[in-house]
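Participant: give me a 3D structure for the following:
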Amino acid sequence: MEILLQLIYSGIALGMIYAVIAFGYQLTFQTSDTLNFGQGDALMLGAMVGLTLVNMGVNYWLMLPLVIVFGLLQGGFVERIGVRPAIKIKSEFGWIMSTIALGIIFKNVAENIWGR
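Facilitator: All right, here's what the predicted structure looks like:
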């Protein structure tokens with residue numbers, strides 16, 4: 001019975017994660033008519049920064065606004081480096097390719113800092 005409850009809770013948690021991911025893709029698509037394929041990697045980088053702050057002994061309630069500020073700065077970086085140049089060339093595929101490239105960059109940054 002205990003295993004069944006654990007499976008139910010795990011399924012609900014995983015379903016909620018999938019719902020948040022789907023909401024992010026849908027929100028991005030509705031506002032810009034393109035998909036941001038680097039979105040998951042950007043979220044991962046913010047989560048790793050938050051985990052590092054907590055491991056360094058930073059209070060959880062202080063870590064949350066710091067990670068939000070990091071996310072805002074990261075979003076500004078993505079907009080300046082990846083989105084704005086792709087909008088200038090008026091190519092939908094350029095925007096998609098730039099978000100994929102930035103996702104790869106974020107993944108490599110996390111791998112170099114935190115390892116595999």
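Participant: hey, let's count contacts and neighbours off CA atoms from now on
Facilitator: Noted.
Participant: how's this protein carved up into domains?
Facilitator: 1-33, 35-114 (automatic domain parsing).
Participant: which of the helices or strands spans the residue most central in space within the chain?
Facilitator: Centrality entry for the chain: nearest residue to the mean C-alpha point is L43, 1.9 Å, by C-alpha atoms, centre = their mean. Assessed by DSSP states H and E, L43 sits inside helix 39-55.
Participant: chain center to the helix or strand Q6 falls within, what's the gap?
Facilitator: For Q6, the element it lies in under DSSP H and E is helix 2-32. Offset of helix 2-32 from its chain centre (C-alpha atoms, centre = their mean, to the nearest Å): 14 Å.
Participant: likewise stretch 19-34?
Facilitator: Mean-position distance between stretch 19-34 and its chain equals 12 Å (C-alpha atoms, centre = their mean).
Participant: which parts of that stretch are buried?
Facilitator: The neighbour-count check on stretch 19-34 (16 or more other C-alpha atoms under 10 Å) flags 24-26 as buried.
Participant: identify the residues contacting it?
Facilitator: Applying C-alpha atoms under 8 Å, 6 or more residues apart in numbering, the contact partners of stretch 19-34 are 35-36, 39-40, 92, 95-96.
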